[in-house]
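Colleague: The sequence and its predicted three-dimensional model are supplied below.
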Amino acid sequence: MRLALLLFFGALVSGVHAQGNATTRPEAPVKRIATIHLADHQAPEAYIEYLSYPKPGGEAYHRFLMEQKAKAAALFPPSQMSNPERHGLVDPPEVIRSFSGNAVAGIPLDNHLAVNNNDQIVSVINVHMLVIGPTGVWQEAYSLDAFWEILGEDDLYFDPRIIYDPEADRFVMVMMQDFDCDGSNIVFAFSASSDPTGAWHLYQFEGCPLVDDTFADYPMISLTDRELFFTYNAVYQDSTWQTGFNETLIYQIDKFDGYAGEPLDWRSWQGITHAGRKLRYICPVKYATAALGSEAYFLSNRSFDIQNDTIWKVHIDGPLDAPDVTLTVEALISDVSYGVPPTAEQPVDFLQTNDARVLDAFYTEDHIQFVSNTMDPATGRSGVFHGIIDFVASTPTLQATILGNGADHLAYPGIAFTGPTPFDREAIIIASHASADRFPGYSALYYNDGYSDWVTVKEGLRVIDMIKVDNNFGADPTLERWGDYSGIQPKYDEDGTVYTASTYGKPGNFSDTWIGYLKRPGKPTSAGVANDPLTEITAFPNPVAELVTIDVVTPAAGKVLRAGLHDGQGRLLRSVLEQEIRIDSPVRFYYDVRDLPAGTYAVRLTLDGVPVGSRTIVVE
């Protein structure tokens, strides 16, 4: 039976500023439960297809959200207005390379990624982790269940987040476990080295520490110079919306304990309110550059309101061992209102856009930029709310802009800093796009005291039609899950460049991950980095017993496509194909695997000798 943790915390005082006390730090740190070596846990690309993921907060929560969306749609009917004065003021970002990422059918993706200075990209979605090189060649692929099978529990893990520590050269990943108080846990993995394919130290926190019938949902993470900050929502399942959300908690954890596999020193912050109301979806603000500071900032809003102009800034002013560390809350008033976004159209049916929560943010030199979903009143479509807070530490000011492009719904934005110095204001923003005339994909723009036009990172190829959501508002069976967030991170050792990951619709009406490497306009491309053709690779059936079909989408007329079969250690076993591409058209080839022993293999492709991608296949 789960034991309650006895926590002591102070209530926050309402007002313009609010100050609260942390829980008492526990006498016993959280011990490491295991260290795993991913080389011993390599998993195939094929996984169980979960046909449904629970709706956070239960059915009543979801019903209230859909009612708010309907009210907002009535207030702001669709229009073709695009507010062109917002865009085209600066040049757009450039897509250096992009390529296929995680490919797991039947699961809302919830894309997130991190990348180290060796250009090892770790891309995570629900149930799947991929380590991929800078040109799209898969290095390793794992089921996220492999991380937690040591627990000996057949539970559902969801909402993965991953972050790279540029000072310590390590990775941290977090996921949630199960949807009720008895089974709810928060699971952390700290990489033991800079190599994400190596050893990871695993830890498990109670997801329902007070045994109050809540579960831990929707994690978000950031890093300071010494600590990991983690936020999550404590949610009552299947209760009314007003009572379904209990509160958002903040955990403050010694990251170096995790990297070393030592017991984790930590404290939690609880009872975070302003003017008597609890804050929801508290988003950690990441440091913009590799120089991490000691203080932590967070943002929150009223994400279910049809219109609201208030953003709450939360500040923790010191590390765990500081004698008088405090948490303060301050309400900031924006010059532009945000509001719950409408459901997004696609050529067939609709896509869920969730609420207007703050999704991503960065801090540099007394300056914060952040993004969220919102209603765009100018178009009646979902758009991006881009907020800028100056004078963060003294008398903060908040200005905002709602970004759209007139025809598309935009949702699930991410933002990353691209300035050459910490005092710059430059950023690249990404967002998923879709419309009645456009398949789901994603786009990017550049901000530098003005906005560029949107450029396409990945154009969708099909509608997404995997998991119909009964939205409990008219029992509409046409609402499809889009995924709850996108991934974006600066390449810390190369200013002005970012890696991105988001969702696109692909053949079969599935959603997959597409990864992009972007740079701010005018920045020279680094020596040795080629503008490789954009390549998408699929293999089916997978697992396969006889004949595997491999499709390649690439604009590569005149180039020689070579395919090699590699074993689980990356060794070339045989050449599968060598042929010149004659026209700019998708190509298909077949390979007979009946003479291969059962196991996991990789088909790796090159165009004129340049690696362009790979796909894992499982031979039964």
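Modeller: That came through fine.
Colleague: rest of the way, CA atoms for contacts and neighbours
Modeller: Will do.
Colleague: where does the residue most central in space within the chain land on pLDDT?
Modeller: In the chain, the C-alpha nearest the mean C-alpha coordinate belongs to His112, at 3.1 Å (C-alpha atoms, centre = their mean). The model reports His112 with a pLDDT of 91.
Colleague: Nearest spatial neighbour of it, chain-adjacent residues omitted?
Modeller: Gly487 (4.1 Å; C-alpha to C-alpha, 6 or more residues apart in numbering).
Colleague: do the same with Tyr492
Modeller: Ala290 (5.8 Å).
Colleague: which residues sit in contact with the one you found?
Modeller: Asp165, Pro166, Glu167, Tyr492, Asp493 (C-alpha atoms under 8 Å, 6 or more residues apart in numbering).
Colleague: and Ala146, helix, strand or coil?
Modeller: Classification of Ala146 using DSSP: H, G, I helix; E, B strand; the rest coil returns helix.
Colleague: same deal with Lys71?
Modeller: Counting by three-state DSSP, the backbone at Lys71 sits in helix.
Colleague: Select the longest strand from the protein.
Modeller: Taking DSSP state E as the criterion, the chain has its longest strand at strand 327-338.
Colleague: What's the local residue count around the nearest residue to Asn448 once chain neighbours are set aside?
Modeller: Using C-alpha to C-alpha, 6+ apart and skipping the chain neighbours, the partner closest in space to Asn448 is Glu426 (4.6 Å). Neighbourhood size, Glu426 [other C-alpha atoms under 10 Å]: 20.
Colleague: OK, contacts around Glu426?
Modeller: Phe417, Thr418, Gly419, Tyr446, Tyr447, Asn448, Asp449.
Colleague: and if you look at Pro413?
Modeller: Leu359, Asp360, Val371, Ser372, Asn373, Val384, Ile429, Ile430, Ala431, Ser432, Tyr485, Ser486 are the contacts of Pro413 under C-alpha under 8 Å, 6+ apart.
Colleague: Let's see that with 7 Å instead.
Modeller: Contacts of Pro413 were listed using C-alpha atoms under 7 Å, 6 or more residues apart in numbering, and they are Leu359, Val371, Ser372, Asn373, Val384, Ile429, Ile430, Ala431, Ser432, Ser486.
Colleague: Looking at those residues, which one is closest to Asp309?
Modeller: Nearest to Asp309 out of those is Ser372 (C-alpha to C-alpha; 13.0 Å).
Colleague: Now for that closest one, how many residues are close by?
Modeller: 28.
Colleague: can you tell me how far the residue nearest to Asn448 sits from Asp449?
Modeller: 8 Å (C-alpha to C-alpha, to the nearest Å).
Colleague: thinking again about what came up before, give me the subset of the contacts of Pro413 lying in strands.
Modeller: Leu359, Val371, Ser372, Asn373, Val384, Ile429, Ile430, Ala431, Ser432.
Colleague: Mind putting these into CSV with pLDDT?
Modeller: CSV is the format used below for these (pLDDT from 0 to 100):
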residue, pLDDT
Leu359, 97
Val371, 98
Ser372, 97
Asn373, 96
Val384, 97
Ile429, 98
Ile430, 98
Ala431, 97
Ser432, 96
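Colleague: Give me the buried subset of those residues.
Modeller: Leu359, Val371, Ser372, Asn373, Val384, Ile429, Ile430, Ala431, Ser432 (16 or more other C-alpha atoms under 10 Å).
Colleague: Can I get these in JSON lines including distance to Thr538?
Modeller: Shown next, in JSON lines, are these (distance: C-alpha to C-alpha, whole Å):
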{"residue": "Leu359", "distance to Thr538": "30"}
{"residue": "Val371", "distance to Thr538": "33"}
{"residue": "Ser372", "distance to Thr538": "32"}
{"residue": "Asn373", "distance to Thr538": "31"}
{"residue": "Val384", "distance to Thr538": "32"}
{"residue": "Ile429", "distance to Thr538": "28"}
{"residue": "Ile430", "distance to Thr538": "25"}
{"residue": "Ala431", "distance to Thr538": "24"}
{"residue": "Ser432", "distance to Thr538": "22"}
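Colleague: quick one: which of those residues is nearest Gln399?
Modeller: The closest of those to Gln399 turns out to be Val371 (C-alpha to C-alpha; 12.1 Å).
Colleague: circling back: which ChimeraX command selects the buried ones in the contacts of Glu426?
Modeller: Of these, the buried ones go into a single ChimeraX selection, burial set by 16+ other C-alpha under 10 Å:
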select :417,418,419,446,447,448
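Colleague: Among the contacts of Glu426, which lie within strands?
Modeller: Per DSSP E, those map to strands at Phe417, Tyr446, Tyr447.
Colleague: Help me confirm that Tyr203 comes into contact with Val187.
Modeller: Yes - using C-alpha atoms under 7 Å, Tyr203 is in contact with Val187, at 5.7 Å.
Colleague: joint contacts of those two?
Modeller: Common neighbours of Tyr203 and Val187, using C-alpha under 7 Å, 6+ apart, do not exist here.
Colleague: pLDDT weak spots in the stretch 301-450 of the chain?
Modeller: Applying pLDDT under 70 to the stretch 301-450 of the chain flags no residue at all.
Colleague: I meant to write the stretch 1-150 of the chain there.
Modeller: 1-27, 39, 41-64, 79-85, 103-108.
Colleague: Just the buried ones from the contacts of Ala290?
Modeller: Asp165, Pro166, Tyr492.
Colleague: Could you export these as JSON lines, including secondary structure and pLDDT?
Modeller: Below are the buried ones among the contacts of Ala290 laid out as JSON lines (DSSP: H, G, I helix; E, B strand; the rest coil; pLDDT from 0 to 100):
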{"residue": "Asp165", "secondary structure": "strand", "pLDDT": "97"}
{"residue": "Pro166", "secondary structure": "coil", "pLDDT": "96"}
{"residue": "Tyr492", "secondary structure": "coil", "pLDDT": "95"}
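Colleague: Make TSV out of those residues and add distance to Arg462.
Modeller: Conversion of the buried ones among the contacts of Ala290 to TSV gives the following (distance: C-alpha to C-alpha, whole Å):
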residue	distance to Arg462
Asp165	36
Pro166	37
Tyr492	34
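Colleague: quick one, helices of the stretch 151-300 of the chain?
Modeller: Taking DSSP state H, counting those that start in this stretch as the criterion, the stretch 151-300 of the chain carries its helices at 241-244, 255-260.
Colleague: Kindly report the same for the stretch 1-150 of the chain.
Modeller: Under DSSP H, counting those that start in this stretch, the stretch 1-150 of the chain gives helices at 58-75, 145-148.
Colleague: what about the shortest one, distance to the chain center?
Modeller: If I follow you right, that is helix 145-148. 19 Å (C-alpha atoms, centre = their mean, to the nearest Å).
Colleague: Send over that helix as PDB, restricted to the C-alpha atoms.
Modeller: Extracted C-alpha coordinates of helix 145-148, given in PDB (Å, rounded to 0.1, in the frame of the first residue of the first chain):
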ATOM      1  CA  ASP A 145       9.700   0.600 -21.600                       C
ATOM      2  CA  ALA A 146      13.400  -0.600 -21.600                       C
ATOM      3  CA  PHE A 147      14.200   2.200 -19.200                       C
ATOM      4  CA  TRP A 148      11.700   1.100 -16.700                       C
END
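Colleague: one step back: weakest of the helices of the stretch 151-300 of the chain by average pLDDT?
Modeller: helix 241-244 (a mean of 57).
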